[in-house]
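Visitor: sequence plus predicted model, see below.
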Amino acid sequence: KDEGYAQSIEDFFGVEGFNQASDMFCGWQAHEANEKVPLVVGFDHVMRLSKLNQMDTKLFKEATDCWGGEEVEYSFPKANANRFAAQQNRTVFE
């Protein structure tokens, strides 16, 4: 809903695409993939995603609450790949 917030998150993590429209749920590739390998989502995954969504909503509210409806300027710092510990099965890209 807030393009500035999404842009700040993209800048923080060094990724793009959160503000772009997507047809990933409607595309023929998605339908074909779902037919070949149906997604099975366990209750624990749903609960984890719900918790993460709540955390993101809380972060957004805390980041915007003090502006009182005025133009918001987010000041998230850029992410630094050197601050994160590499995992054996992950590759850190800079």
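Guide: Thanks, I have the structure now. The structure displayed is predicted, hence computed values, not measured ones. Numbers count the residues shown, from 1 in each chain.

Visitor: list the helices and strands the lengthiest helix in the chain packs on?
Guide: In the chain, taking DSSP state H as the definition, the longest helix is helix 43-64. Contacts defined by 3 or more CB pairs under 8 Å, 6 or more residues apart in numbering; DSSP states H and E place helix 43-64 against helix 3-13. Quick note: C-beta positions are derived from backbone N, CA and C, even for glycine.

Visitor: after the helix it packs on, which helix or strand is next?
Guide: Counting by DSSP states H and E, the element after helix 3-13 in chain order, helix or strand, is helix 28-36.

Visitor: what about stretch 13-21, start to end distance?
Guide: Criterion CA to CA, to the nearest Å; first-to-last residue distance in stretch 13-21 is 19 Å.

Visitor: rounded mean pLDDT for that stretch, please.
Guide: Along stretch 13-21, the predicted local confidence has a mean pLDDT of 77.

Visitor: between the longest helix of the chain and helix 3-13, how big is the angle?
Guide: Orientation of helix 43-64 against helix 3-13 (axes from the mean of the first three to the mean of the last three CA atoms, to 10 degrees) gives an angle of 110 degrees.
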